[in-house]
Structures are given as structure tokens and as C-alpha cells.
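> Could you look at this predicted model? Sequence included:
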Amino acid sequence: MKPDPCSGLRDVPFVCSWSGGKDSCLALHLAVRAGGVPRRLLCVADETGRQTRSHRLPVEVIRAQAAALGLPLTLCSAPWETYEEVFIAALGEVAAEGVTAAVFGDIDIEEHRAWEQKACRAAGVQAFLPLWGLSRGDVLDELFALPVAATVVTAEARVLDGHLVGRRLTPGLAGELERAGWDVAGELGEYHTAVTDCPLFAQPLALRVTGSQRIDDHWFARLVVGHDAKETG
């Protein structure tokens, strides 16, 4: 029997490392299901402070997700050169509030887990990876079963066409990816998503894709979120 990656989380206050995408959302759900107590989201923006470091989501999307979850948000800004330093400092500040664990959405990339464990040790908290060891298909099955609504907002151009951007992640789309020979969960960065609804949201996000643009080797969605999306969507 495989070890339970959420073992020891019951009644533990935790911060969730939040990208805005499907995997961090599923990790949050599984941590809550295991009895963990969510206290805060943590997200790192790029040096402009206007978009996330990982998915290049507008920070307005992250703030809207945090509001829908009813959780405080720690939003930091850092270039790649100081990302680790800034992330550890933010974890330390959360730990000072009484949080003792951090939840991450990685599935099986050992380098990522090692970095997260290192950062957590430096900040004095314990790392939990609720998705660790699941197959890529199992991750999507869990998402669809909840269900989690997520829109593809980034696609790697060498792998996927720009038409993928703006589509909702569904079993049908997952089947298309699988038949094309790509990772259905996008764990290697083939695509990223923005979550627009899930059982923990008080209300769905109003998110509209107005188009896409290619920057270097990726396609990115142009997004409108909140009141403007409702008015024009």
C-alpha cells in the first residue's frame, strides 16, 4: 500500500502554494478532505507584480480566486534570481501566524518536491504534496469528479496549437491530448489552467478569454475577470 501523502494533516493549519491552476486547487481540496485547516494562499508574482510567476495569470484572477475561497492571500513579487529567498521569507511570515504546514500541487517531479521540502525546512514548516504519486489520469479523474472547472490559459507552442487556449479542461479535451501523445495533466508544462469554479468556491469566477497571443515558445490567453467579464461576456 502506498503511503498517504496527506497523513498527518488532520487539524493542522496550512498555507497552500497557489498557482491559480487545477493542481494547486486539487491539492487544496485533498488537504481539506484529509482534515487540514486552510489558513492562507501564497502566490508569487513576477517582478512587475501584475502577473503570476508560474502561469502568467493576471493577479486580479488570483485575488478573485482567494475571495471566492474566503482565504487571505499573500502575494509576493520576485524575479527568478531571488524567487527562493522571497518564497522562504513569505513562508516564514505565515509560520509566525501559527501555520505549521505548506501544501503543494506537484505530482511526481522529484526536483520540485526536493525544492519545496528545502524551502519548508528553512521556514520551519512541513511540506505536504497531496497529489504525489497519483497517475496523471488519476489527477484528472479527481478533478472531474469534484468537479473543478478550469480553463486552459497557457499552451507550449512546440506541443500544442494556440487554439487550445481558452478551452475548458474536460474529459473530451483530455482524450484529445492523450491521443496526440501529450501528458494529459500537463505536468511538464505543456499547458496551464485557471480555475473558475470548484466546491470550495463561494461563487464561480467571471472569467472571459478575449483572445490569445504567442510570446516566444508559449501561447497565452488574454483574460478579463470580474465585473467587466460579466458585462461583456
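Now that the structure is in, tell me what you want to look at.

> Checking my notes, L223 in a strand, right?
Yes. Inclusion of L223 in a strand is indicated when DSSP: H, G, I helix; E, B strand; the rest coil is applied.

> My read is that it contacts H55, right?
No. Proximity of L223 to H55 does not meet the contact threshold set by C-beta atoms under 8 Å, at 10.7 Å. Quick note: C-beta positions are derived from backbone N, CA and C, even for glycine.

> okay, and the common contacts of these two?
Listed contacts common to L223 and H55 are 153, 194; contacts here mean C-beta atoms under 8 Å, 6 or more residues apart in numbering.

> remind me which residues of the protein are low pLDDT?
For the chain, residues meeting the criterion pLDDT under 70 lie at 1, 160-162, 227-233.

> All the helices of this protein, residue numbers only.
For the chain, the helices defined by DSSP state H occupy 22-33, 59-69, 83-95, 110-123, 136-145, 171-179, 227-232.

> for those helices, which one ends up most surrounded?
Highest mean neighbour count of the helices of the chain: helix 22-33, a mean of 23 (counted as mean count of other C-beta atoms under 10 Å).

> Mind checking the helices of the chain for the one nearest to H218?
Between H218 and the helices of the chain, the shortest separation by C-beta to C-beta is 16.2 Å, and it involves helix 171-179.

> quick check, distance from that closest one to the centre of its chain.
Relative to its parent chain, helix 171-179 has a centroid offset of 20 Å by C-alpha atoms, centre = their mean, to the nearest Å.

> Okay, angle between that helix and helix 136-145 too, please.
Relative orientation of helix 171-179 versus helix 136-145 (axes from the mean of the first three to the mean of the last three C-alpha atoms, to 10 degrees): 170 degrees.

> Which strands and helices lie in contact with helix 171-179?
helix 136-145 (3 or more C-beta pairs under 8 Å, 6 or more residues apart in numbering; DSSP states H and E).

> How about residues contacting the helix it packs on?
Residues outside helix 136-145 that contact it (C-beta under 8 Å, 6+ apart) are 22-23, 25-26, 30, 107, 131, 134, 150, 169-171, 174, 183-185, 187.

> okay, now the domains of this structure?
Structural domains assigned to the chain are 13-128, 142-232, following automatic domain parsing.

> Could I get these in CSV, plus columns for distance to D4?
Shown next, in CSV, are those (distance: least, C-beta to C-beta, whole Å):
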stretch, distance to D4
domain 13-128, 8
domain 142-232, 14
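
> So which of these is nearest C6?
Judging those by C-beta to C-beta, what sits closest to C6 is domain 13-128, at 3.6 Å.

> Just the terminal-to-terminal distance for the closest one.
One end of domain 13-128 sits 12 Å from the other (C-alpha to C-alpha, to the nearest Å).

> Can you give the distance of it from its chain's centre?
8 Å.

> for stretch 147-160, same thing?
Put simply, stretch 147-160 sits 12 Å off its chain's centre (C-alpha atoms, centre = their mean).

> which outside residues touch that stretch?
Residues from elsewhere that reach stretch 147-160, judged by C-beta under 8 Å, 6+ apart: 21-22, 25-26, 29, 55-57, 143, 161-162, 164-169, 173, 177, 182, 189-198, 204, 207, 209, 214, 217-221, 223.
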